[in-house]
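Peer 1: sequence unknown, structure follows:
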């Protein structure tokens with residue numbers, strides 16, 4: 001089985017928590033960690049922007065990525081949300097088995 005860590009950002013706690021709850025309840029993520037206090041600096045529409053954001057770390061199986069991406073796009077308030085999937089090369093076997101168990105419950 002292959003696993004991914006998917007990273008996105010949200011503008012506030014409410015949005016991040018709502019997204020996390022939805023992804024877990026729908027079985028698209030086994031676990032979502034919301035890290036407050038991130039600051040993003042980027043260029044958007046010709047201007048440098050600085051935004052305080054919540055960093056959202058989503059642990060999932062790689063085969064759930066297409067549905068996960070679609071759900072983030074549907075629920076996210078940004079016109080162009082950050083959605084980056086990083087393959088998990090290795091991990092604690094019992095934790096990875098737990099990801100499977102959580103996501104298998106929602107099939």
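Peer 2: Looks like it arrived, so ask away. For clarity, every value in this text was computed on a predicted model and none was experimentally measured.
Peer 1: switch to C-alpha atoms for all contacts and neighbour counts from now on
Peer 2: OK.
Peer 1: For this protein, which segments count as strands?
Peer 2: 3-10, 31-44, 47-61, 84-87 (DSSP state E).
Peer 1: Quick one: closest of the ones you listed to residue 77.
Peer 2: Closest approach to residue 77 among the strands of the chain is made by strand 3-10 (8.2 Å; C-alpha to C-alpha).
Peer 1: who does the closest one pair up with?
Peer 2: Paired with strand 3-10 in the same sheet, following DSSP bridges, are strand 47-61 (antiparallel), strand 84-87 (antiparallel).
Peer 1: Most tightly packed of the ones you listed?
Peer 2: Counting by mean count of other C-alpha atoms under 10 Å, strand 47-61 has the highest mean neighbour count of the strands paired with strand 3-10, with a mean of 18.
Peer 1: quick one on the thing from earlier: any chance of the strands paired with strand 3-10 in CSV, with distance to residue 78 and mean pLDDT too?
Peer 2: What follows is the strands paired with strand 3-10, written out as CSV (distance: least, C-alpha to C-alpha, whole Å; pLDDT from 0 to 100):
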stretch, distance to residue 78, mean pLDDT
strand 47-61, 12, 96
strand 84-87, 15, 98
